[in-house]
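>>> here's my sequence, what's the structure:
(one chain, ligands or ions: 1)
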Amino acid sequence: MTPSALANKLKHFSDMPLLEARWILTEIQDEKKIQSVLRRRQKGEPLSKILGHKGFWKGDFITSKDVLDPRSDSETLIEAVLKTLPDTSLPYSFADIGTGTGCLLISLLMEYQNAKAVGYDVSEKAIKIARKNAKKNNTKAKFICKNMCDINDSFDFAVSNPPYIPTKDIVELALNVRQYDPLLALDGGKDGLDYYRILSHIQKIPLLFLEIGKGQKASIVKIFKKEKWHLLSAHKDLAKITRVLIFQKRLVKNKKLF
Ligand SMILES: C[S@@+](CC[C@H](N)C(=O)[O-])C[C@H]1O[C@@H](n2cnc3c(N)ncnc32)[C@H](O)[C@@H]1O
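Numbering: from 1, shown residues only. Okay, the predicted model is just below:
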């Protein structure tokens with residue numbers, strides 16, 4: 001089958017039919033298998049879930065029904081870290097809180113080659129996938145299954161893309177997100193902000209890079225200011241939506257980071 005013939009079959013189910021057709025054909029040549037991919041795609045399953053992996057930043061990440069697919073919006077967070085901490089040779093220690101596939105942590109380790117990192121997730125299945133992804137992308141990191149409420153270790157900084165969708169909005173989400181990504185990765189509680197309240201109480205990490213949802217900036221700044229954090233900067237994604245907030249706190253033993 002040619003890419004354009006396959007794209008034609010995908011056009012009612014995909015926003016990028018030609019791109020998806022090319023992706024399918026680079027991985028699958030068997031006609032029966034292509035038809036099976038088409039059937040699953042027609043039911044709304046994302047191509048990344050069908051093929052089991054997705055590109056993010058400079059890497060390729062295994063994905064499954066147990067983890068949120070890496071999203072291009074989240075690359076804003078990687079860019080924000082690089083802009084804030086431009087010396088990529090420094091031996092930073094950092095945490096990724098709610099690591100999922102590990103895409104944030106692993107992408108940062110590709111840039112900060114002397115850094116040491118720990119990825120935390122409450123889902124044991126996510127931790128297993130993150131470990132595989134670290135290996136697949138030739139990076140070394142520690143992954144620990146832990147509830148973010150219980151994190152009490154010291155790091156130079158942390159990144160986090162916590163679940164931030166208000167519970168009532170989950171039913172309105174696109175089928176491919178609601179049905180194929182785990183609820184645990186999406187549901188941010190009644191107003192979507194439960195996990196930011198938890199993160200605002202972190203004690204031994206002086207710098208936090210947080211992905212946020214559309215329109216959440218003001219409420220999240222309020223939550224963090226209450227806990228004596230200072231908003232260092234805010235960063236927009238390609239759609240001009242504020243996607244990343246950076247908070248800093250003066251700790252007794254703060255060392256100079258940048
Ligand atoms: C929105 S996903 C982000 C995944 C990945 N960091 C990314 O950016 O693609 C949020 C992650 O937080 C994890 N999570 C949910 N509740 C948690 C908790 N209480 N403690 C630690 N991780 C949690 C979920 O399992 C999920 O992997």
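>>> contact residues of this structure facing the ligand?
Residues of the chain found near the ligand (CB under 6 Å from any ligand atom) are 67-68, 70, 74, 98-101, 103-104, 120-123, 126, 147-148, 161-163, 184-185. All C-beta spots, glycine's among them, are computed from the backbone N, C-alpha and C.
>>> now these: which count as buried?
Among these, those classed as buried by 16 or more other CB atoms under 10 Å are 67-68, 70, 74, 98-101, 103-104, 120-121, 123, 126, 148, 161-163, 184-185.
>>> just the ones of those in helices?
In this view, these that belong to helices under DSSP state H are 103-104, 126.
>>> as a markdown table, these with pLDDT and distance to Ser4 would be great.
Below are those laid out as a markdown table (pLDDT from 0 to 100; distance: CB to CB, whole Å):
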| residue | pLDDT | distance to Ser4 |
| --- | --- | --- |
| Cys103 | 98 | 31 |
| Leu104 | 98 | 36 |
| Ala126 | 98 | 37 |
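>>> list just the nearest of those residues to Ala134.
Taking CB to CB as the measure, Ala134 lies nearest Cys103 of those, at 10.5 Å.
>>> just the helices in the stretch 101-250 of the chain please.
Assigned by DSSP state H, counting those that start in this stretch, the stretch 101-250 of the chain shows helices spanning 103-111, 124-136, 175-178, 194-199, 217-226.
>>> closest to Glu211 out of those helices?
Closest among the helices of the stretch 101-250 of the chain, using CB to CB: helix 103-111, at 8.4 Å.
>>> pLDDT value on Tyr53, please?
Slight slip there: residue 53 is His, not Tyr. His53 carries a pLDDT score of 97 in this model.
>>> bridged to it, which residues?
Ile62 (DSSP bridges).
>>> can you pull the contacts of it?
By CB atoms under 8 Å, 6 or more residues apart in numbering, His53 lies in contact with 60-63.
>>> and the spatially closest residue to Leu208 that is not a sequence neighbour, what does it touch?
Leaving aside its sequence neighbours, Leu208 sits nearest to Phe247 (CB to CB, 6 or more residues apart in numbering; 4.7 Å). By CB under 8 Å, 6+ apart, the residues touching Phe247 are 207-208, 210, 224, 229-232.
>>> mind giving me the ChimeraX select for these, buried ones only?
To isolate the buried members of the contacts of Phe247 in ChimeraX, using 16+ other CB under 10 Å:
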select :207,208,210,224,229
